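Asker: Build me a model from this:
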Amino acid sequence: MEIILLQDVNKLGQKDDIITVKDGYGRNFLIPKGYAIAASPSAKKMHSENLRQRAHKEEKIRMAAREVAGRLSEINLIIGAKASSKGKIFGSVNTIQIAEALKERGFEIDRKNISLPDEQIKEIGKYKALIKLHKEVKAEVDLEIVAE
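Answerer: As a prediction, the model looks like this:
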């Protein structure tokens with residue numbers, strides 16, 4: 001079954017993507033929840049017209065995201081955490097703390113758009129976080145976890 005996504009669906013696709021899914025998944029989950037519509041010929045035609053009209057606006061958004069990505073790649077975040085003498089953190093550092101540290105620097109980024117190499121950081125050291133600013137624009141931020 002071919003569908004047009006109306007919003008981003010994790011591990012499936014981005015908004016306005018036309019994808020093929022199994023019939024039951026599309027008919028029983030995606031369409032009733034409002035995540036997608038069936039990709040009939042008339043829906044595809046309307047979809048392509050909407051995309052054509054939005055292309056100019058999207059380019060402005062993409063350029064702004066690239067500018068933010070350039071500024072993000074230059075910063076080095078230092079996050080303090082309580083740790084043992086061997087370097088183990090009591091608890092962990094997660095995306096919420098990274099989002100708060102970025103907010104202090106003037107970047108308003110949702111924690112759901114931040115991904116770490118591991119789910120959580122449990123030791124002191126240097127790490128990289130990947131930040132998704134746009135579906136085509138991603139930035140890497142250097143993190144340094146230090147003991148308080």
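
Asker: Every contact and neighbour count from this point should use C-alpha atoms.
Answerer: Fine.

Asker: buried set for stretch 22-36?
Answerer: Neighbour counts using 16 or more other CA atoms under 10 Å place G26, R27, L30, I31, Y35, A36 of stretch 22-36 among the buried residues.

Asker: Now, these that are in helices?
Answerer: Judged by DSSP state H, helices contain the following of the buried residues of stretch 22-36: I31.

Asker: How about the contacts made by I114?
Answerer: By CA atoms under 8 Å, 6 or more residues apart in numbering, the contact set of I114 is T95, A99, A129, L130, I131, K132.

Asker: Have a look at the protein and report its longest helix.
Answerer: Max-length helix for the chain by DSSP H is helix 41-74.

Asker: For it, name the packing helices and strands.
Answerer: Using 3 or more CA pairs under 8 Å, 6 or more residues apart in numbering; DSSP states H and E, the elements in contact with helix 41-74 are strand 138-147.

Asker: The strand it packs on pairs with which strands?
Answerer: Each strand paired with strand 138-147, and its direction, by DSSP bridges: strand 76-81 (parallel), strand 125-132 (antiparallel).

Asker: can you tell which of the ones you listed is closest to S40?
Answerer: Closest of the strands paired with strand 138-147 to S40 is strand 125-132, at 31.3 Å (criterion: CA to CA).

Asker: for the closest one, which positions count as buried?
Answerer: Buried residues in strand 125-132, counted by 16+ other CA under 10 Å: K128, A129, L130, I131, K132.

Asker: what angle separates it from helix 41-74?
Answerer: Counting by axes from the mean of the first three to the mean of the last three CA atoms, to 10 degrees, strand 125-132 lies at 150 degrees to helix 41-74.

Asker: Centre of the chain to strand 125-132, how far?
Answerer: 13 Å (CA atoms, centre = their mean, to the nearest Å).

Asker: outside of it, which residues touch it?
Answerer: Here strand 125-132 makes contact (CA under 8 Å, 6+ apart) with 113-117, 138-146.

Asker: and the two most separated of those residues?
Answerer: Among the contacts of strand 125-132, the pair separated by the greatest distance (CA to CA) is K138 and V146, at 25.4 Å.

Asker: Would you reformat the strands paired with strand 138-147 as a markdown table and include distance to P41 and mean pLDDT?
Answerer: Output for those, formatted as a markdown table (distance: least, CA to CA, whole Å; pLDDT from 0 to 100):
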| stretch | distance to P41 | mean pLDDT |
| --- | --- | --- |
| strand 76-81 | 49 | 89 |
| strand 125-132 | 32 | 91 |
